[in-house]
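**Student:** Have a look; sequence and predicted model below, questions after that.
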Amino acid sequence: MLMKGKKGVILGVANNKSIAYGIAKACAQQGAQIAFTYLNEALQKRVEPIAAEFGSDNLVYPCDVSKPEEIKALKESLERDLGQIDFIVHSIAFAPKEGLSGRFYDISREAFDIAMDISVYSLIEVVRELKPLLSDNSSVLTLTYYGGAKYIPNYNLMGIAKAALEMTTKYLAEDLGKDGIRVNAISAGPIKTLAAAGIGDFRFMLKWNEAHSPLKKNVTIDEVGNSGMYLLSDLSSAVTGEIHYVDGGFNIMGMPAVEFVDGRPRIAWNGTDK
Ligand SMILES: NC(=O)c1ccc[n+]([C@@H]2O[C@H](COP(=O)([O-])OP(=O)(O)OC[C@H]3O[C@@H](n4cnc5c(N)ncnc54)[C@H](O)[C@@H]3O)[C@@H](O)[C@H]2O)c1
């Protein structure tokens, strides 16, 4: 029961395929009490049964992070219903579809502003607004992807948003360390979720990751959830400002492994051919 007595809020559950769902599951299994948020009415219908599954029927609140008044209202609701909290999970990203395929240099100012606002600034604003509720020994977690560190085809606009998010994690970690608040990010390998469906050629990303990661597999939301739970629990009490890869080791590869056939190098394909 590594999270027994801990209370927190998870932003970003859309359905039971969401990475945030995997994190909620791992935290609930370890005894955490969790509040959930939803983006809009359509998602409210999906999030409410999920909250009920974790015994949080009365802890479900609206929060569109592009609306500052909804973040403020979330703070009021959490203060009323939970008082102090020990963790925040920010598992939110959005970029207009035009920013997730095609020529990178075609990205419009409007798409850029939207992606940065929802995928990056929201972390700063959520943490600032909820800070008065955070305990002296609390943890904030966000989700990033390798496309924020290295070029990934089609990730385009989200790549630069994730680069900004990773630096935001580090600056927040320094700033909030003196208040006993840790801030970390998990860089997850590709997983088929609603958000991922917006990225051009996502199926190929999955295949490539499976074939070229040291563990020769794609990661699951349960695996990301378990690592997330570690970063939210006291097990990681000396860890902050980290970008923790949960990607089967894909990020360590400088070059695909090769095998030699008739004396000629060939990319080794150990992935399944799904
Ligand atoms: N799926 C992957 O391959 C992958 C890999 C690495 C990182 N990530 C990151 O994980 C996080 C969660 O994504 P996911 O893959 O679980 O997909 P998802 O679609 O299940 O979750 C994305 C969430 O963002 C929310 N959201 C979007 N705009 C919002 C707004 N204005 N206000 C509040 N919420 C908003 C959606 O409602 C949804 O719950 C994202 O930051 C994503 O970039 C995903």
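**Tutor:** Good, I have the coordinates.
**Student:** Identify each buried residue in stretch 49-58, please.
**Tutor:** Buried residues in stretch 49-58, defined by neighbour count with 16 or more other Cβ atoms under 10 Å: I50, A51, F54, S56. In this view, the C-beta of every residue, glycine as well, is placed from N, C-alpha and C.
**Student:** And stretch 5-25, by the same measure?
**Tutor:** 6-14, 18-25.
**Student:** Same check on stretch 111-120?
**Tutor:** A111, F112, I114, A115, M116, I118, S119, V120.
**Student:** rewinding a little: filter the buried residues of stretch 5-25 down to the ones close to the ligand.
**Tutor:** G12, V13, A14, S18, I19, A20 (Cβ under 6 Å from any ligand atom).
**Student:** Which members of these occur in strands, if any?
**Tutor:** Assignment to strands by DSSP state E places none of those there.
**Student:** Pick the one among the residues you listed closest to F260.
**Tutor:** Of all those, F260 sits closest to I19, with 38.3 Å by Cβ to Cβ.
**Student:** packing partners for the longest helix along the chain?
**Tutor:** Taking DSSP state H as the assignment, the helix of the chain that covers the most residues is helix 156-177. With contacts taken as 3 or more Cβ pairs under 8 Å, 6 or more residues apart in numbering; DSSP states H and E, helix 156-177 sits against helix 109-116, helix 122-130, strand 134-144, strand 181-188.
**Student:** got a markdown table for the ones you listed, with distance to Y245 and mean pLDDT too?
**Tutor:** Compiled in a markdown table, those are given as follows (distance: least, Cβ to Cβ, whole Å; pLDDT from 0 to 100):
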| stretch | distance to Y245 | mean pLDDT |
| --- | --- | --- |
| helix 109-116 | 22 | 98 |
| helix 122-130 | 19 | 99 |
| strand 134-144 | 10 | 98 |
| strand 181-188 | 5 | 99 |
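**Student:** and those, which is most packed in?
**Tutor:** strand 181-188 (a mean of 24; mean count of other Cβ atoms under 10 Å).
**Student:** looking only at pLDDT, what's the mean for whichever helix or strand comes after that strand?
**Tutor:** Moving toward the C-terminus from strand 181-188, the next helix or strand (DSSP states H and E) is helix 202-212. Taken as a whole, helix 202-212 carries a mean pLDDT of 94.
**Student:** What of stretch 158-166?
**Tutor:** Averaged across stretch 158-166, pLDDT comes to 98.
**Student:** so how far is stretch 240-251 off the chain centroid?
**Tutor:** A distance of 12 Å separates the centroid of the chain from that of stretch 240-251, by Cα atoms, centre = their mean, to the nearest Å.
**Student:** Run through who's touching that stretch.
**Tutor:** Residues from elsewhere that reach stretch 240-251 (Cβ atoms under 8 Å, 6 or more residues apart in numbering): 144, 146, 149-150, 166, 169-170, 173-174, 177, 182-189, 209-210, 212-219, 223-224, 227, 231.
**Student:** Can you lay out the helices and strands packed on helix 156-177 as TSV showing distance to the ligand?
**Tutor:** What follows is these, written out as TSV (distance: least, Cβ to the nearest ligand atom, whole Å):
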stretch	distance to the ligand
helix 109-116	9
helix 122-130	7
strand 134-144	3
strand 181-188	4
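**Student:** could I get the ones you listed as TSV with distance to A93?
**Tutor:** Formatted as TSV, the helices and strands packed on helix 156-177 follow (distance: least, Cβ to Cβ, whole Å):
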stretch	distance to A93
helix 109-116	8
helix 122-130	9
strand 134-144	7
strand 181-188	11
